[in-house]
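> sequence and predicted structure, then a few things I'm wondering about:
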Amino acid sequence: DAGITQSPRHKVTETGTPVTLRCHQTENHRYMYWYRQDPGHGLRLIHYSYGVKDTDKGEVSDGYSVSRSKTEDFLLTLESATSSQTSVYFCAISESLGTDTQYFGPGTRLTVL
Amino acid sequence: GDSVTQMEGPVTLSEEAFLTINCTYTATGYPSLFWYVQYPGEGLQLLLKATKADDKGSNKGFEATYRKETTSFHLEKGSVQVSDSAVYFCALRDPVDAGNMLTFGGGTRLMVKP
């Protein structure tokens, strides 16, 4: 299994509070991704990174920001959480642009009350 | 934009039954196609993939063939087991997209009864 951890694994927070989710990898892979999983929508890409300090938006980036100061860490921040951001968040990594396979972390279940 | 459409579930089968989960796609370029599986409480795992037309991906008794003419990548298994109960996601990677991004279908829940 690819070495990907996510923290926290579960979080309950209130509307309007900031939240940061962390993804950590030990594979030294260049690409990292944040997805959210919602019933009927599968997984949708929020943001991705193609290197340290290099990030770009995905399909559903509004209300989210990311940072990658080290190869191994990719942070997802909700500046002011809303109930619509209640979801399960998955981090994924891939080795290179030419490598199709993405490896997924175990997920973080976030509930915004 | 790119999209993936899967049959809605849940799909409920008895053990040893034949499984088909339909998947069709639209893409700008010539995509790679994937099936991922998610067991309860876990992240997604790659089940199989195909990178060009007429390729067949296979793993753990599951198979899927890349059909360009019908833009489909249906997942099949000849004899399912209770342990196959999970959510299955079809996905594509379009090479015209930057960043190696995956586009997922909505997922199909499979329930296998003893």
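Looks like it arrived, so ask away.

> distance of A:Val12 relative to A:Thr108?
Counting by CB to CB, to the nearest Å, the gap from A:Val12 to A:Thr108 is 12 Å. All C-beta spots, glycine's among them, are computed from the backbone N, C-alpha and C.

> brain fart, A:Gly3
When distance is defined by CB to CB, A:Gly3 is 17 Å away from A:Thr108.

> quick one: which of these two has more around it?
Under the criterion of other CB atoms under 10 Å in any protein chain shown, the comparison of A:Gly3 against A:Thr108 puts A:Thr108 first, with 23 against 14.

> which helices and strands sit right next to the helix or strand of chain B at the bottom of the mean pLDDT ranking?
Taking mean pLDDT, DSSP states H and E as the measure, strand B:103-104 is the helix or strand of chain B with the lowest mean score, a mean of 90. Identification of packing neighbours for strand B:103-104 by 3 or more CB pairs under 8 Å, 6 or more residues apart in numbering or on different chains; DSSP states H and E yields strand A:42-51, strand B:3-6, strand B:86-93.

> relative to A:Tyr31, which of those strands is closest?
strand A:42-51 (5.7 Å; CB to CB).

> which other helices and strands contact the closest one?
In terms of contacts (3+ CB pairs under 8 Å, 6+ apart), strand A:42-51 is packed against strand A:31-38, strand A:54-57, strand A:64-70, strand A:73-78, strand B:86-93, strand B:103-104.

> please redo it, this time with the cut-off set to 7 Å
Packing partners of strand A:42-51 (3 or more CB pairs under 7 Å, 6 or more residues apart in numbering or on different chains; DSSP states H and E): strand A:31-38, strand A:54-57, strand A:64-70.

> make JSON lines from those and add mean neighbour count to it.
Listed next are the helices and strands packed on strand A:42-51 as JSON lines, based on neighbours: other CB atoms under 10 Å in any protein chain shown:
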{"stretch": "strand A:31-38", "mean neighbour count": "24"}
{"stretch": "strand A:54-57", "mean neighbour count": "15"}
{"stretch": "strand A:64-70", "mean neighbour count": "16"}
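
> now mean pLDDT and distance to B:Lys52 too, for these, in JSON lines please.
Written out in JSON lines, the entries for those read as follows (pLDDT from 0 to 100; distance: least, CB to CB, whole Å):
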{"stretch": "strand A:31-38", "mean pLDDT": "93", "distance to B:Lys52": "22"}
{"stretch": "strand A:54-57", "mean pLDDT": "93", "distance to B:Lys52": "27"}
{"stretch": "strand A:64-70", "mean pLDDT": "97", "distance to B:Lys52": "32"}
